[in-house]
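K.L.:
Show me the folded form of this:
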Amino acid sequence: MSLYLHFHWIYFCIAFGATLLISLLMNLQSANFYTLYVVIRKFSIIDLEFPVSALELATFIKGIFALPVKLSAKTLRALRGQLYLDFLFMPAAYGSIFILCMKVSMKMTSFGHWVFAVLAWLQLIAWVCDIIENIYLLNKIQPEPVVSKSAVHTAYELLEKCKWGIALTAIICSIAAIFYFWLMGLYSFQSLNYFLIVVAEIVIFLVLRKITAKNEKEKLEKFQQT
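P.N.:
Coordinates of the predicted model:
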């Protein structure tokens, strides 16, 4: 099998648009994330991905079950929903990164050509890490979560670093390379159409994010008043 695959930019636009849409839906779910951690407080999925210790992760989850019944049920439904929805987010997100790296690879020569192709295929490892992470967290969501052993928690931390490290390295390197091509004038005018599509997708996402953020703030204020 060849290390290099050719893609049209439209496929990146579709995958990127799907990534933003699912991300928006997941963000709506995260607005309902609450836990009893000394006091009732909000948390994000990042708090579960990068806990200070195995004990803190278990405490976060246990705190969800310690909430008032209605709030606890709402949080659990939202948390599980986001983790399951993440299984749809993964192919869109890692797929768009894969395509982006491949497109950059096709414009590179010699060593750079190979490096970006490898970065593209490494997204499969990040994807697998993400799947394992979600399964781990879904199994942790129970009234009395077991505190993981030190070796297990260390492996979980390594999994997170691997997932984020691979994805972010590919994104940063690809964007830097694309800006270099643009500054050097090494691009086709046809690609401008797809660039505008991506910009439009980002603008729509930011507008919708701002609207939902306003609604989230209003809900939080009402919650604090009750």
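
K.L.:
how about the helices of the chain, start to end?
P.N.:
All helices of the chain, identified by DSSP state H, fall at 9-30, 45-49, 54-65, 69-107, 110-121, 123-140, 150-183, 190-225.

K.L.:
Dump the fifth one to CSV, restricted to CA.
P.N.:
Once side chains and other backbone atoms are set aside, the C-alpha atoms of helix 110-121 remain, and they are given as CSV (Å, rounded to 0.1, in the frame of the first residue of the first chain):
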residue,chain,number,x,y,z
SER,A,110,11.9,14.7,-0.5
PHE,A,111,12.1,14.7,3.3
GLY,A,112,9.1,17.0,3.9
HIS,A,113,7.0,14.8,1.6
TRP,A,114,7.7,11.8,3.8
VAL,A,115,7.3,13.6,7.1
PHE,A,116,3.8,14.9,6.4
ALA,A,117,2.7,11.6,5.1
VAL,A,118,3.8,10.0,8.3
LEU,A,119,2.1,12.7,10.3
ALA,A,120,-1.1,11.9,8.4
TRP,A,121,-0.9,8.1,9.2
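
K.L.:
Show me what that helix packs onto, helices and strands only.
P.N.:
helix 69-107, helix 150-183 (3 or more CB pairs under 8 Å, 6 or more residues apart in numbering; DSSP states H and E). (Glycine included, C-beta is placed from N, CA and C.)

K.L.:
now for the shortest one, which elements pack on it?
P.N.:
Secondary structure elements in contact with helix 150-183, counted by 3+ CB pairs under 8 Å, 6+ apart, are helix 54-65, helix 69-107, helix 110-121, helix 123-140.

K.L.:
just to revisit the earlier point, quick one: the helices of the chain as TSV, columns for mean pLDDT too.
P.N.:
Shown next, in TSV, are those (pLDDT from 0 to 100):
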stretch	mean pLDDT
helix 9-30	95
helix 45-49	94
helix 54-65	94
helix 69-107	95
helix 110-121	90
helix 123-140	96
helix 150-183	94
helix 190-225	80
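
K.L.:
out of those helices, which comes closest to Tyr37?
P.N.:
Tyr37 lies closest to helix 54-65 among the helices of the chain, at 4.9 Å (CB to CB).

K.L.:
Tell me which residues are up against the closest one.
P.N.:
Contacts with helix 54-65, where a contact means CB atoms under 8 Å, 6 or more residues apart in numbering, come from 34-37, 43, 47-48, 51, 72, 75-76, 79, 140-150, 152-153.

K.L.:
quick check: angle from that helix to helix 123-140?
P.N.:
60 degrees (axes from the mean of the first three to the mean of the last three CA atoms, to 10 degrees).

K.L.:
Could you give me the buried positions within helix 54-65?
P.N.:
Within helix 54-65, the residues that count as buried by 16 or more other CB atoms under 10 Å are 54, 56-65.

K.L.:
How about stretch 98-115?
P.N.:
Taking 16+ other CB under 10 Å as the criterion, stretch 98-115 shows 98-105, 113, 115 as buried.

K.L.:
List of residues touching it?
P.N.:
For stretch 98-115, contacts defined as CB under 8 Å, 6+ apart pick out 3-7, 9, 11-12, 15, 116-117, 119-121, 123, 170-171, 173-174, 177-178, 181, 186.

K.L.:
can you do 10 Å?
P.N.:
Contacting residues not belonging to stretch 98-115 are listed as 3-9, 11-16, 91, 116-124, 126-127, 170-171, 173-178, 180-181, 186-187, 191, 194 [CB atoms under 10 Å, 6 or more residues apart in numbering].
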